[in-house]
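Student: here you go, sequence then predicted model.
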Amino acid sequence: MKEKAKSDGVETVWDRFEEQQPQCGFGQLGLCCRNCNMGPCRIDPFGEGPSKGVCGATAGTIVSRNLIRMTAAGAAAHSDHGRETALVFKEIVEGEVPGYEIKDEAKLNSIASRLGVNTDREIEEVAKDVAEIALEDFGKQDDEVISFANAYAPESLQQVWQELDVAPRNIDREVVEIMHRTHMGVDADPLNLNLQGIRAALGDGWGGSLIGTEFSDVMFGTPEPVESSANLGVLEENKVNVITHGHVPILSEKIVEAAEDEEMIELAKSKGADGIVVAGMCCTGNEIIMRHGIPTAGNFLQQELAITTGAVDAMVVDYQCIMPSLTDVADCYHTKVITTSEKAKLPGAEHIEFDPAKADKIAKQIIKTAIENYPARKEEKIGIPEEKMDGVVGFSVESIVDALGGSLDPLLEAIKEGQIKGIAGIVGCNNPKVEHDEGHVEVAKKLIANDILVVGTGCWSIAAMKDGLFKPEAAELAGDGLQAVCEQLEIPPCLHMGSCVDNTRILVAVSAIAEALGVEPSQLPVAGAAPEWMSEKAVSIGTYFVASGIFTVLGTTPPVLGSNEVVKLLTEDIEEVTGGKFAVESTPNEIADLMLDHIASKRKELLGER
Ligand code: NFS
Ligand code: SF4
């Protein structure tokens, strides 16, 4: 597809990455500051030029401020998505959004019970209280920990947060406080700054993102194992192809429904197409593949290539991880890029604003726009690659417990017996700094070969699926112990747990395992990795995992190397307080080795293995 792009005269992310070389060394090290107009300032990493900004800020201050601003943006993105989900949920209760409903009452009741809401009532009453508590977590003004974190996080973790004074008080407030503290002349202490970064990240993982996951499950159903397929080959030449790209299932769910509407299918046929294909991309793709088995066209680095097939009639986007280049690429073909959120418009795109109150009508309008664009295809430019891969997805915590026969015990037993040595979470993006998907796939393969059960989310899961790792037969690539477990339970060795907000499913799973064993999450043979991360959301995710006791390996270097103090804080000191820490390794082999070493040492401590 890269070659097709070249011959069609399309510039891609890889071309622009080349053009950016060499990338700015100050930026890579995190040593430039533009937080006020006495600057911009930069610190000389070699100690020959300035060691302080105009205001006197040191490398440690500047690196920390920059890093936690990344966390703030990431937490804001996830949590704004979470808020939108909670608001639609509230509107269901108020009867304002006829297109949505409470689909999974059992899930709602389980959330309510965790939150201490009386479930012995009409479901609407329960829903009303749960929605209220969630929305309060975004705006309450006391200093108590947010209700969702309090309800979901293990006691032991919450104690650590209290001692460190990083328990999130309000999802929005922690983000705002980062912006305040990093304003010129406020917080200059690297440790203090990073603690606030942790607090905002915890507000994301145990707050905003968690609310996103839980309410999506209630409204659209908790995922259960379902077969589907992934890669550009899911597009079909003789059908209207609609790609739904972005993050929030509130829109993509409706697109899926509208495309199944008889009237729409008839309209497509009247334009000469055989039908309509909806395919996902990035995390909104993960949402609909998890719940409905809707195929996924690809992950982050495939968004331009999808349009390059010449067969995408509309690419419908909501927000996050949407390259502004899409409209340029679309110019070379007939594709309509349709933006739908007032928060995310692209110059050159068609804007059809989504409104949950008129969801069905607008979704149909979008599908209709795609259908009407079908005859505009440029035949000579169509080239859909054949590649696609099948697999099983849909592993929510609930469905994993079901697959285990109703309790976690068989998994705990397999871990104790050593059939499964540990659990690894692999998550995060693609990044042109890494060969596309190689980090994701190779780390996963090495881990399963060593009897580590792999779970994951986001663009990792799409990479894993394309490589066949979600096929039950992939168990053949696993070590003998893991293979036997997979065969017995009829599950693949790598489990798709959802979108990036669904990393909260991993938090919940790890918490449940720790509680069942009566230990802290940091004592478990568990490790995480983000081999190809690029987004600020990934910074927040990594931080909340580390602050929840999980050893986390990054495959691309975050912009912190300009301060030894900050590096030491994140890769050493933090372990003494939260039990988790960061590491950075560039090759998949080394990433996996670090995780395997960590898991082995935790087994030794926990189970007395030599
Ligand atoms: Ni996650 Fe999902 Fe992909 Fe990275 Fe972007 S789609 S929210 S941020 S690029 S994994
Ligand atoms: Fe320079 Fe300080 Fe202003 Fe940053 S805040 S730009 S270091 S003067």
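Tutor: Happy to help now that I have it. Ligands and ions are numbered 1, 2, ... in the order given.

Student: going forward, measure contacts between C-alpha atoms and count neighbours the same way
Tutor: Fine.

Student: what residue in the stretch 451-600 of the chain comes nearest to ligand 2?
Tutor: residue 562 (13.8 Å; C-alpha to the nearest ligand atom).

Student: that residue: how many residues sit nearby?
Tutor: Counted with other C-alpha atoms under 10 Å, residues neighbouring residue 562 total 25.

Student: that one is in contact with residue 27, isn't it?
Tutor: No - the pair residue 562 / residue 27 is not scored as a contact, 9.3 Å apart, by C-alpha atoms under 8 Å.

Student: where does pLDDT dip in the chain?
Tutor: Where the chain drops to pLDDT under 70, the residues are 610.

Student: recalculate using a threshold of 90.
Tutor: 608-610 (pLDDT under 90).

Student: return the residues of it in contact with ligand 2.
Tutor: 33-41, 53-55, 57, 184 (C-alpha under 6 Å from any ligand atom).

Student: including secondary structure, neighbour count and distance to ligand 1, could those residues go into CSV?
Tutor: Converted to CSV, the residues of the chain next to ligand 2 look like this (DSSP: H, G, I helix; E, B strand; the rest coil; neighbours: other C-alpha atoms under 10 Å; distance: C-alpha to the nearest ligand atom, whole Å):
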residue, secondary structure, neighbour count, distance to ligand 1
33, strand, 23, 24
34, coil, 14, 25
35, coil, 16, 25
36, coil, 13, 28
37, coil, 10, 31
38, coil, 11, 33
39, coil, 13, 30
40, coil, 12, 28
41, strand, 20, 29
53, coil, 21, 32
54, coil, 15, 34
55, coil, 12, 34
57, coil, 20, 31
184, coil, 18, 29
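
Student: show me the strands in the stretch 401-550 of the chain, by range?
Tutor: Assigned by DSSP state E, counting those that start in this stretch, the stretch 401-550 of the chain shows strands spanning 422-426, 452-456, 494-496, 526-530.

Student: and the third one, what other elements does it pack with?
Tutor: What it means is strand 494-496. Other elements packing on strand 494-496 under the criterion 3 or more C-alpha pairs under 8 Å, 6 or more residues apart in numbering; DSSP states H and E are strand 452-456.

Student: hang on, the earlier thing: quick check: the farthest pair among the residues of the chain next to ligand 2?
Tutor: 37 and 57 (13.8 Å; C-alpha to C-alpha).

Student: okay, the closest residue to ligand 1 within the stretch 301-450 of the chain and ligand 2: tell me how far apart.
Tutor: Nearest residue of the stretch 301-450 of the chain to ligand 1, counting by C-alpha to the nearest ligand atom: residue 429, 3.3 Å away. Residue 429 sits 30 Å away from ligand 2, going by C-alpha to the nearest ligand atom, to the nearest Å.

Student: shouldn't that residue be in contact with residue 283?
Tutor: No - using C-alpha under 8 Å, residue 429 makes no contact with residue 283, being 10.0 Å away.

Student: anything in contact with each of those two?
Tutor: 458-459 (C-alpha atoms under 8 Å, 6 or more residues apart in numbering).

Student: the longest helix in this structure is where?
Tutor: Determined from DSSP state H, the single longest helix within the chain is helix 59-93.

Student: list the buried ones in that helix?
Tutor: Using 16 or more other C-alpha atoms under 10 Å as the test for burial, helix 59-93 gives 59-93.

Student: many thanks, have a good one.
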